[in-house]
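K.L.:
Fold the following for me, if possible:
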Amino acid sequence: MHAKVKDVMTTEVASVNGCTPFKDVAEVLIAHGVSAVPVVDAEGHVVGVVSEEDLLRKEEFRERYYREGYQPPLRSRLRDRLSAKGGDGRSKARGDTAAELMTAPAVTVRAHASIVSAMRLMEEHGIKRLPVVDAEGVLQGIVSRHDLLKVFVRDDADIAEEVRRDILDRTLWAEPSTASVTVHQGVVTLTGRMHRRSDARLAVRMVQRVNGVVDVVDELRWTLDDTPAWSGR
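P.N.:
Numbering: from 1, shown residues only. Next up, the predicted model:
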């Protein structure tokens, strides 16, 4: 039920080394249709990532600092002013190789990490893809936002079968006639009756963690309320 990065990542990854010239990096990005590539050392360890934005800074800052009277776009000026790295843009503007242009250290993820943790890393760092590395930091693959969305593109019938087989029947030992499941566009609706209220709550939590589930509509009822009563004392 818990999709891992290894389940959706791409294992054939375009990468460059630190000595790769600016022009060759640009050609790799264009040829493979990606917005960023990992920079690796001779042993395959990920040492950084070079992106379209890193390359564009070279032209942007060349114009800004070497052409008299040039006024860059407001977005560029604000980004440079708010950047926590001060002169980082200027150093990249002078860079001619991947090592001089890349962002380091790279934000990476392990293959056994959950899809949710990878999503959070992307959101936290404002990036669209993550190099996947092993325990030694060696490149194993790459995972993008598009890859992560694959877990939600799943047939409704497959989701319903997994919920029925692995949760209602096998895990909670519910009688088939007491609880049922329907799925429409990834939204799971649980109906029927279970013996204990705690089982009903557990069923909802477990279904929420199934790959491809967008939301859960809880219409379950119970016979015995075995949840602790709240006391205001």
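K.L.:
Are we agreed that Leu220 is in a strand?
P.N.:
Yes. Checked against DSSP: H, G, I helix; E, B strand; the rest coil, Leu220 lies within a strand.
K.L.:
Hmm, it is touching Arg196, no?
P.N.:
No. Using CB atoms under 8 Å as the test, Leu220 is too far from Arg196 to be in contact (10.8 Å). Any C-beta I mention is one placed from the backbone N, CA and C, and that applies to glycine too.
K.L.:
Does anything pack onto the helix or strand in which Arg205 is found? Which helices or strands?
P.N.:
Per DSSP states H and E: Arg205 is located in helix 197-208. When contacts are defined as 3 or more CB pairs under 8 Å, 6 or more residues apart in numbering; DSSP states H and E, helix 197-208 packs onto strand 187-196, strand 215-224.
K.L.:
returning to that earlier point: from the neighbour counts alone, determine which of Leu220 and Arg196 ranks first.
P.N.:
Neighbours were counted for Leu220 and for Arg196 using other CB atoms under 10 Å; Leu220 has more, 21 against 15.
K.L.:
just how off-centre is the helix holding Arg205 within its chain?
P.N.:
Relative to its chain's centre, helix 197-208 lies at 26 Å (CA atoms, centre = their mean, to the nearest Å).
K.L.:
same check, this time on stretch 43-53
P.N.:
18 Å.
K.L.:
Please name the residues that touch the residue most central in space within the chain.
P.N.:
In the chain, the centroid-proximal residue (CA atoms, centre = their mean) is Met119; its distance is 2.9 Å. Residues near Met119 by CB atoms under 8 Å, 6 or more residues apart in numbering: 145, 148.
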